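Participant: Provided below for reference: sequence and predicted model.
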Amino acid sequence: MAWAHDRERPVVIALDEDTCLRRGEVCDVDAVMRIKKALPMPAAEHTTRGGFLLGCEPQQYAGLLEAGQVWLLQVKGTAVGFAAALTNAMLRASPLWHTRDAIDWDASFDPQPWLGKRIGFFDQLAVLPSVRYRYWGAALALRALLSLTEDDRDELVLTTTVVAPIVNAAALPFLVRVGAQAVGRLVEHNTPRGTIVSAVHAIHVDRFREAMVRRRGKLQPAALRVVEAVWP
């Protein structure tokens with residue numbers, strides 16, 4: 001399936017003389033798969049470095065790339081990380097949308113008022129450990145999240161983090177900084193890795209924008225360059 005996307009936004013953001021973020025193209029699918037395969041989930045009970053339990057197949061990544069919703073972190077011309085997001089239209093057309101009724105929502109969050117509004121999904125973030133993965137990863141994650149908030153595109157952004165069979169805490173510091181709220185849990189049975197339990201997080205776009213305004217002067221240089229490129 002092909003989705004329309006906005007090519008007027010900056011497709012390349014220079015982070016320093018050797019490092020940049022750029023919008024991925026369909027021809028980058030091999031680079032994305034190479035990064036994914038290099039980051040298996042560790043065999044442990046808890047990780048702060050992340051990894052993939054499942055992920056997408058090449059044709060799924062190709063669809064995301066064609067839609068312009070994958071960003072690559074590139075160092076000296078080589079892709080070392082990627083982030084993927086789904087706009088409202090993409091989310092509602094994906095299998096993810098059909099899992100909403102299986103989510104055990106927290107009592108503090110009522111999903112019903114949001115179902116008729118625009119909801120984006122922050123899907124994947126991956127950075128090879130051979131680079132400053134936390135520093136560059138924060139800028140990469142911010143670029144993907146900003147793509148869902150440009151021009152009032154979405155009003156709420158959802159994302160998930162795995163909590164079983166392993167607690168994947170890699171993204172939690174970033175989610176705290178952008179004001180994410182834990183709103184439920186999703187249990188998926190009969191996956192290739194058995195039962196997987198994920199925490200569901202919600203980012204209210206209005207609150208996120210307010211947080212970025214407040215924190216703009218405190219952002220690290222790479223993250224600030226991303227914000228300045230998207231929100232000049």
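Facilitator: Cool, the structure landed. In this text the structure is predicted, and so the values were computed from the model without any measurement.

Participant: ranges for the strands of the protein?
Facilitator: Counting by DSSP state E, one finds strands in the chain at the ranges 12-14, 19-23, 46-47, 70-75, 78-86, 103-105, 119-127, 156-164, 167-168, 181-191, 194-204.

Participant: Packing partners of the third one?
Facilitator: In this structure, strand 46-47 makes packing contacts with strand 167-168, judged by 3 or more C-beta pairs under 8 Å, 6 or more residues apart in numbering; DSSP states H and E. Placement of C-beta: from N, CA and C, glycine included.

Participant: quick one, the longest helix belonging to the chain and strand 70-75 angle?
Facilitator: Longest helix of the chain, by residue count under DSSP state H: helix 133-147. Here helix 133-147 runs at an angle of 150 degrees relative to strand 70-75 (axes from the mean of the first three to the mean of the last three C-alpha atoms, to 10 degrees).

Participant: Now tell me what touches helix 133-147 from outside.
Facilitator: 9, 13, 15, 19, 21, 49, 69, 71, 73, 75, 80-85, 122, 125, 127, 153, 157, 171, 174, 178, 203, 208, 220, 222-223, 225-227, 230-231 (C-beta atoms under 8 Å, 6 or more residues apart in numbering).

Participant: Of those residues, keep whichever come out buried.
Facilitator: For the contacts of helix 133-147, a burial check counting by 16 or more other C-beta atoms under 10 Å picks out 9, 13, 15, 19, 21, 69, 71, 73, 75, 80-85, 122, 125, 127, 153, 157, 171, 174, 178, 203, 208, 222-223, 225-227, 230.
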